[in-house]
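Participant: I'll drop the sequence and a predicted model, then ask my questions.
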Amino acid sequence: MTLRRHGTWLAALAGAATTLAFAPYGLFPLAVLGPAFLFLLWDDATPRRAARLGFAWGAGLFLAGTWWIYTAIHDFGGAPAWLATLVLLVPIAVMGSYYALLGWLAARFDRRSRLAHCLMLLPGGWTLMEWLRGWLLSGFPWLQLGYAHSDSPLAALAPIGGVHLVTLASAVTAGALLVILRGAWRDRGIAFAIIVAIWGGSWGLAGQQWTTTVGDEISVALLQGAIPQDEKWQVDHRKETLDRYRALNREALGQRLIVWPEAALPVLAHEAEVYLASIRAEARARNSDLLIGLLRYDFETGEIRNGLFAMSDAGDAWYYKRRLVPFGEFFPVPDFVRHWMRLMSLPYYDMTPGAENQAPLAAAGQKLGATICYEDAYGSEQLAVLGEATLLVNVTNNAWFGDSAAPHQQLQMARFRAREAGRSLIRSTSNGITAVIAPDGKISAEAPQFVQAVLKSSVQPMTGLTPYARTGNWPVLLGCLLMAMICIGYPRAA
């Protein structure tokens with residue numbers, strides 16, 4: 001009776017509690033128990049009520065898990081509190097709508113056996129829903145269920161089917177718990193056996209290596225300038241920033257590859273030519289190649305791109321960010337709103353995304369699969385370069401989020417990218433979390449947040465393709481669609 005009377009509030013609280021499954025908290029069992037509680041609330045609910053419960057759960061998850069959007073927009077973006085609140089609440093409402101839709105559809109087809117409903121329709125639908133919200137309307141793949149399992153046995157499934165296979169395994173486990181709680185005795189035995197198979201099989205795969213070493217280890221250094229975001233672009237602090245990165249780079253010289261964070265310098269690339277020439281000369285004298293995050297202005301088109309500039313013996317090359325951040329690097333608003341933003345001295349200028357297919361960067365004798373900022377949240381987009389790339393590199397600017405969960409959540413996603421690809425990932429950030437991630441997704445070196453640091457380490461280049469690198473998301477997604485279709489046609493047991 002309590003569940004029915006207070007179900008909406010309980011769903012919101014369960015969604016909020018599920019945030020604790022993700023970094024920096026790491027209570028991964030909640031990634032099973034949170035969805036399982038929602039499945040329990042959905043049990044025998046009408047479509048309308050199931051939609052309301054799903055919305056409450058999803059809104060609770062994203063309100064608790066992404067409140068740092070307000071920090072980025074208000075504290076560092078300079079937007080008024082009401083606008084920052086609106087920018088926070090709109091995506092929360094959109095994300096909640098996905099869970100509402102899943103609840104409505106699940107209740108709409110709840111004329112089947114409990115076993116099929118809980119082990120096929122709900123997990124398959126959940127996985128498809130999370131994939132959909134990861135790309136529709138530019139996508140927001142944050143807080144996908146699988147990411148919470150970066151340190152659980154289920155992470156071993158990532159090289160086989162990516163984060164969505166881990167999500168599916170977590171959701172099947174949640175559904176199996178509901179069967180054990182409310183199903184017939186025979187069904188309970190089947191559900192328990194499935195849980196044992198999923199978790200036991202994942203545990204057995206933990207030591208499997210899907211890629212092979214190539215060549216010798218290379219030394220790397222990752223620079224963390226710890227420049228406060230509210231000071232970075234002030235003219236009075238420009239020289240201090242340039243001097244700081246020069247000093248950090250000198251400390252890193254001698255390492256084969258030196259990586260600076262996203263948009264490390266508070267100037268455009270053409271404004272830093274003399275500065276970069278001196279940095280290049282010092283690096284060449286010590287046999288160090290450089291990757292530097294820079295903004296680049298195109299004089300022919302008037303466009304600005306967020307880029308990663310490689311200076312190496314193989315020649316200079318650029319990688320340009322493809323996935324731009326809504327309300328940070330582009331503003332999906334009507335012209336009259338953009339005009340108002342300009343009058344209010346708010347950011348309003350759109351950057352230009354890079355081309356979809358860009359070659360790996362050549363540096364330190366390696367081919368580097370590059371991503372910038374939250375591009376590392378899109379696993380399938382790095383697959384095209386894995387035939388050549390021997391290492392992965394990500395640069396980002398975490399200064400926008402202060403001391404929040406956002407940098408930890410993004411690092412957790414980066415760990416999945418390394419594990420899916422079977423390659424080391426080196427990650428340089430402005431103020432945390434700068435880290436070196438091993439091919440098994442474990443962190444092998446990490447710098448403390450909010451301090452100037454040069455993180456020195458070594459990484460082993462890898463070659464070969466994991467099963468996920470060969471197939472991408474499609475086998476898992478088609479499997480989930482098939483599960484849902486079979487369940488819809490499955491007759492209810494007498």
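Facilitator: Yep, it's here.

Participant: the strands in the stretch 251-400 of the chain, which residues?
Facilitator: Using DSSP state E, counting those that start in this stretch, the strands of the stretch 251-400 of the chain run over 257-259, 289-297, 304-311, 317-320, 361-363, 366-372, 391-396.

Participant: Just send those strands back as JSON lines, with mean neighbour count and distance to residue 277 too.
Facilitator: No exception for glycine: its C-beta is placed from N, CA and C like everyone else's. Shown next, in JSON lines, are the strands of the stretch 251-400 of the chain (neighbours: other C-beta atoms under 10 Å; distance: least, C-beta to C-beta, whole Å):
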{"stretch": "strand 257-259", "mean neighbour count": "28", "distance to residue 277": "16"}
{"stretch": "strand 289-297", "mean neighbour count": "22", "distance to residue 277": "12"}
{"stretch": "strand 304-311", "mean neighbour count": "22", "distance to residue 277": "10"}
{"stretch": "strand 317-320", "mean neighbour count": "20", "distance to residue 277": "17"}
{"stretch": "strand 361-363", "mean neighbour count": "23", "distance to residue 277": "18"}
{"stretch": "strand 366-372", "mean neighbour count": "26", "distance to residue 277": "23"}
{"stretch": "strand 391-396", "mean neighbour count": "29", "distance to residue 277": "21"}
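
Participant: how many other residues sit next to the closest residue to residue 14 other than its chain neighbours?
Facilitator: Distances taken as C-beta to C-beta, 6 or more residues apart in numbering place residue 37 nearest to residue 14, at 4.5 Å, with adjacent residues excluded. Using other C-beta atoms under 10 Å, residue 37 is surrounded by 23 other residues.

Participant: ok now do residue 37, which residues does it touch?
Facilitator: 10-11, 14 (C-beta atoms under 8 Å, 6 or more residues apart in numbering).

Participant: now do residue 379
Facilitator: Contact analysis of residue 379 by C-beta under 8 Å, 6+ apart lists 162-163, 416-417, 420, 468, 473.

Participant: Out of the strands of the stretch 251-400 of the chain, the one nearest residue 173 is which?
Facilitator: Residue 173 sits nearest to strand 391-396 of all the strands of the stretch 251-400 of the chain, at 29.4 Å, using C-beta to C-beta.

Participant: re the thing from before, hang on, the residue nearest to residue 14 in a helix?
Facilitator: Yes. Under DSSP: H, G, I helix; E, B strand; the rest coil, residue 37 sits within a helix.

Participant: can you tell me how far it sits from residue 11?
Facilitator: Noted for residue 37: a distance of 8 Å to residue 11, by C-beta to C-beta, to the nearest Å.

Participant: And residue 373, by the same measure?
Facilitator: Residue 373 sits 32 Å away from residue 11, going by C-beta to C-beta.

Participant: quick one: which of the contacts of residue 37 sit in strands?
Facilitator: Members of the contacts of residue 37 lying in strands (criterion: DSSP state E): none.

Participant: and of these, the nearest to residue 485?
Facilitator: Nearest to residue 485 out of the contacts of residue 37 is residue 11 (C-beta to C-beta; 27.2 Å).

Participant: Thought residue 59 was touching that closest one, still the case?
Facilitator: No. In this structure, residue 11 is not within contact of residue 59 by C-beta atoms under 8 Å, at 9.0 Å.

Participant: Comparing these two, which residue is more hemmed in?
Facilitator: More neighbours surround residue 11 than the other of residue 11 and residue 59, with 28 against 23 (other C-beta under 10 Å).

Participant: quick one, what contacts the more buried one?
Facilitator: The contact partners of residue 11, taken as C-beta under 8 Å, 6+ apart, are 37-38, 41, 53-54, 56-57, 60.

Participant: which of the residues you listed count as buried?
Facilitator: Listed as buried from the contacts of residue 11 are 37-38, 41, 53-54, 56-57, 60; burial here means 16 or more other C-beta atoms under 10 Å.
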